[in-house]
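Q: just a sequence and a predicted model for now, questions to come.
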Amino acid sequence: MLEKTDFLTLTNKLDQVLTKVSVIENTMSKDRKLYNITEAAKELHITRQTLHSYINLGLIEPLLIGNTSYFTKEIIDNFLKQK
C-alpha cells in the first residue's frame, strides 16, 4: 500500500510529465514529428557535433524528454531563418 507521501510524490511527478507533454504538443507543427539529433543535423545540413555545439552555445534549444534532445520542424525552421 502506498504511503500518503509516496502518493503525493507520484502525483507530482505525473503532473510534471503531463506538463511537459502539453508543452511539446503545443510547440509541434502539423506533421507532429520529433527529430532526434541525427535527423535534425541532416535537416540542418550540419554534423551531429556541430548541432551539439549549437545547443551548448544556446543557438538552438531542443525539447528535452528525459536526457534526450528532440526537435520539432518548427524549431529547425526557425533556426534556419535566423542563420
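A: Received it, and whenever you're ready, just let me know what you need.

Q: the nearest residue to Thr68 once chain neighbours are set aside: what's it in contact with?
A: Leaving aside its chain neighbours, Thr68 sits nearest to Asn36 (7.3 Å; criterion: CB to CB, 6 or more residues apart in numbering). The way it works is simple: take the backbone N, C-alpha and C, and place the C-beta from them, glycine included. Going by CB atoms under 8 Å, 6 or more residues apart in numbering, Asn36 touches 68-71.

Q: residue ranges in this structure under the pLDDT threshold?
A: In the predicted model, the chain carries pLDDT under 70 at residues 1-2, 27-31.

Q: nearest residue to the middle of the chain?
A: For the chain, the residue nearest the mean C-alpha position is Leu63 (1.4 Å; CA atoms, centre = their mean).

Q: which element is the residue lying closest to that one once chain neighbours are set aside on?
A: If the residues on either side of it in the chain are set aside, Leu63 comes closest to Tyr70, at 4.8 Å by CB to CB, 6+ apart. In this assignment (DSSP states H and E), Tyr70 forms part of strand 68-70.
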